[in-house]
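1. Provide a 3D model corresponding to the input given below.
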Amino acid sequence: MENNGTYRWVNEDKPKTPGKNPLGKMPDMKKMRNLAIAVIVVLALGIGALTCFYTVDDKQQAVVTTFGKVTDVTDAGVHFKLPFGIQNVRKVDVNVYQKIELGYNTDSDGEYTVKDSESTMITGDYNIVNVDFFVEYKISDPVQFLYSSTNPEMILRNLIQSQVRNVVGSSTVDSVLTDGKENIQMQVKDMVAQILQEYDIGLTLVDVRIQDSEPPTKDVIEAFKAVETAKQRAEAVVNDAKAYQNAQLPKAEADADKLIRNAEYLRQKRINEAYEQVAMFNAMYAEYARNPEITKSRMYYEAISQILPDVKVYINTGSGDDVNMLLPLESLTGSK
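-> A predicted model of the protein is given here:
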């Protein structure tokens, strides 16, 4: 402190040596740079090691792309890929059956919700029915599934719904509600499978089933149930008739065979008799050619004997009334 009352700071340290860092020795910048590079390399290698390997489970296949181009499809197991976005992997569930519900929806709690916009259809005979379909499919080609279309599941859903309406629209309401369901299922499955093969979107149709089909009102439902019951009864009657037919058929065939053989016997008998009559006629005609008068008389006497079998006829062989001139007819005809 000076005499005039002011303060002045005095540095009592030793004077600093010119050219030296007052804070001490300067750090080695090269070593720090090398250390930073080493840390970055270690981090990069660690991140790369973590992203170079991927695992595919038993139900999957993985599609590997290199710079955006598909280069490999791998199955279950642990596989290597190039890191840093050079290669990318997309896993697809190929060994899993997946489902599509048309006309209804089942939530996680098993609750059943009807979707009238999908289930209501018109049959070929202009009746309205509600038909619910259950569809199973699986991914058969992961590459086509991922890259041939933007939404293959939606394509399949729309395709099935379209073909279902086509088939139901060409069927009668009776077949849709009763005994034609299996045929409708087969038609829809065949048509969709053929179109899927043409589209080649990586999906394979496994099964198509009618989950439920019914008329839209309770009164109509009861009426169709009555019709179905009547059909079942009619089928029972038909089955009983067929059983009776099967039981009676052998006997009927035996009787028919007997009648045929009897008719054949009678036919042959008539033929033989005709041949005999022809032979008799030919013999008589030959006799007539030789002795016409005698033959005519004989034929006349034979006719009399056939017409009057119980009457004894005598023939007058002379011109007088002498009884010796009368001869019995049997002596001429040879009958006894």
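
2. from here on, contacts and neighbour counts on C-alpha atoms
-> Noted.

3. outline the domain layout of the protein.
-> 29-92, 98-216, 217-290, 292-333 (automatic domain parsing).

4. most packed of these?
-> domain 98-216 (a mean of 17; mean count of other Cα atoms under 10 Å).

5. what distance separates the start and the end of it?
-> In domain 98-216, first residue to last residue: 29 Å (Cα to Cα, to the nearest Å).

6. use 57 as the first number from now on
-> With 57 as the first residue, the last one maps to domain 154-272.

7. one step back: output the domains of the chain as a markdown table; include the columns mean pLDDT.
-> Output for those, formatted as a markdown table (pLDDT from 0 to 100):
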| stretch | mean pLDDT |
| --- | --- |
| domain 85-148 | 83 |
| domain 154-272 | 91 |
| domain 273-346 | 82 |
| domain 348-389 | 62 |
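
8. stretch 156-174: how far from the chain's middle?
-> 24 Å (Cα atoms, centre = their mean, to the nearest Å).

9. as CSV, could you dump the C-alpha coordinates of that stretch?
-> C-alpha atoms of stretch 156-174 as CSV (Å, rounded to 0.1, in the frame of the first residue of the first chain):
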residue,chain,number,x,y,z
ILE,A,156,-57.2,-64.7,-44.0
GLU,A,157,-60.8,-64.4,-42.6
LEU,A,158,-63.4,-63.2,-45.1
GLY,A,159,-66.8,-62.1,-43.8
TYR,A,160,-65.8,-62.2,-40.1
ASN,A,161,-63.0,-61.4,-37.8
THR,A,162,-61.7,-63.2,-34.7
ASP,A,163,-59.9,-61.2,-32.1
SER,A,164,-57.3,-62.3,-29.6
ASP,A,165,-60.0,-63.3,-27.1
GLY,A,166,-61.7,-65.5,-29.6
GLU,A,167,-64.6,-63.1,-30.1
TYR,A,168,-66.4,-63.5,-33.4
THR,A,169,-67.3,-60.3,-35.3
VAL,A,170,-69.4,-60.5,-38.5
LYS,A,171,-68.3,-58.2,-41.4
ASP,A,172,-71.4,-57.9,-43.6
SER,A,173,-69.6,-56.0,-46.3
GLU,A,174,-67.5,-59.0,-47.0
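
10. so Glu167 versus Asn161, what's the distance?
-> Distance from Glu167 to Asn161, by Cα to Cα: 8 Å.

11. quick check: bridge partners of Thr260?
-> Lys194 (DSSP bridges).

12. residue ranges for the strands of the stretch 207-356 of the chain, please.
-> With DSSP state E, counting those that start in this stretch as the criterion, the stretch 207-356 of the chain has strands at 259-270.

13. tell me the confidence at Leu79?
-> For Leu79, the pLDDT comes out at 48.

14. contacting residues for the residue nearest the centre of the chain?
-> In the chain, the residue lying closest to the centroid (Cα atoms, centre = their mean) is Met242, at 3.0 Å. Counting by Cα atoms under 8 Å, 6 or more residues apart in numbering, Met242 makes contact with Val264.

15. ok, it to Asn144 distance?
-> From Met242 over to Asn144 (counting by Cα to Cα), the distance is 41 Å.

16. now do Val119
-> 8 Å.

17. repeat that for Asp256.
-> For Asp256, the distance to Asn144 - Cα to Cα - is 24 Å.

18. re earlier: I'd like the distance between the residue nearest to the centre of the chain and Asp263.
-> For Met242, the distance to Asp263 - Cα to Cα - is 9 Å.

19. please apply the same query to Arg289.
-> Counting by Cα to Cα - Arg289 and Asp263 are separated by 32 Å.

20. same deal with Ala249?
-> 10 Å.

21. elements contacting the lengthiest helix in the chain?
-> Counting by DSSP state H, the longest helix found in the chain is helix 274-346. Other helices and strands packing on helix 274-346, by 3 or more Cα pairs under 8 Å, 6 or more residues apart in numbering; DSSP states H and E, are helix 348-363.

22. any idea of the angle the helix it packs on forms with helix 274-346?
-> With axes from the mean of the first three to the mean of the last three Cα atoms, to 10 degrees as the basis, helix 348-363 and helix 274-346 are set at 140 degrees to each other.

23. Leu252 is in contact with Phe201, correct?
-> No: with contact defined as Cα atoms under 8 Å, Phe201 does not reach Leu252; the gap is 11.7 Å.
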